[in-house]
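**Q** Build me a model from this:
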Amino acid sequence: MIPKNWMIQRFIVVGLGAVLLLTGCSTAATDVGSAAGTPVNPPSSPEAVKAEQIESAPACVGFPESGERGLPCLGPGPDVDIAQLSGPILVSVWASWCEPCRDELPVLQKWFESDGPLLGINVADSSAAAADLLSELDVDFPSVQDVDSRTRIDLGWVGPPFNGIIENGVVVYRFDRPISSKNQIEKAFQQVTG
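**A** Numbering: from 1, shown residues only. This is a model prediction of the structure:
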């Protein structure tokens with residue numbers, strides 16, 4: 001017979017392990033949500049309370065007219081509703097406080113420079129910090145602001161970075177880890193477009 005205390009201890013250890021797995025504490029995980037291992041609302045960004053357009057940030061132009069769920073552009077331009085995107089278009093969820101995002105943004109910029117369709121979604125972040133990071137990394141693809149993480153449900157992300165291809169308002173492809181090369185994006189688009 002197994003002692004009662006042993007069973008309780010095992011239950012606690014297994015339960016804690018499940019909690020850690022579900023919250024994405026490991027940066028080595030391969031699923032989309034835990035790829036960054038970064039909390040959605042980091043305690044270091046209390047200023048992330050409202051969206052504000054930054055004139056020096058990239059403009060949002062050429063997107064369809066926004067519906068009621070439109071997100072404000074980080075730079076000049078109208079709101080953009082991701083549900084209205086016909087695509088295929090790469091949508092990338094990022095934040096200035098997300099370390100893997102810093103590595104990924106220059107790769108996304110290369111895709112954008114090769115005429116790759118791309119929209120960034122800056123989440124749970126201050127507008128100024130987001131615009132400063134884009135400037136620092138010499139990134140000029142358009143991004144919208146989602147300060148209260150509304151797109152989490154629509155896109156099915158847990159934490160940044162998240163990357164997916166949207167076609168006709170639907171996520172048709174999800175990257176299972178941060179993007180590290182333009183080739184990775186090209187292969188995904190080939191799968192989507194046939």
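**Q** sec struct for the most centrally placed residue in the chain, please.
**A** The structure's the chain has its C-alpha centroid closest to Val93; by CA atoms, centre = their mean the separation is 1.6 Å. Remark: Val93 carries the secondary structure label strand [criterion: DSSP: H, G, I helix; E, B strand; the rest coil].
**Q** What are the phi and psi values at the closest residue to it other than its chain neighbours?
**A** Residue nearest to Val93 in three dimensions, not counting chain neighbours: Phe162, with 4.0 Å by CB to CB, 6 or more residues apart in numbering. (C-beta placed from N, C-alpha, C; glycine too.) Torsion angles at Phe162 (phi, psi; degrees, to the nearest 10) stand at phi -130, psi 140.
**Q** Quickly note the distance from Phe162 to Arg152.
**A** Distance check for Phe162 against Arg152: by CB to CB, to the nearest Å, it reads 9 Å.
**Q** Of these two, which one has the most company?
**A** Neighbours per residue (other CB atoms under 10 Å) separate Phe162 from Arg152, with Phe162 holding more: 26 against 18.
**Q** Tell me, what's the model's pLDDT at that one?
**A** Per-residue confidence at Phe162 stands at 95 (pLDDT).
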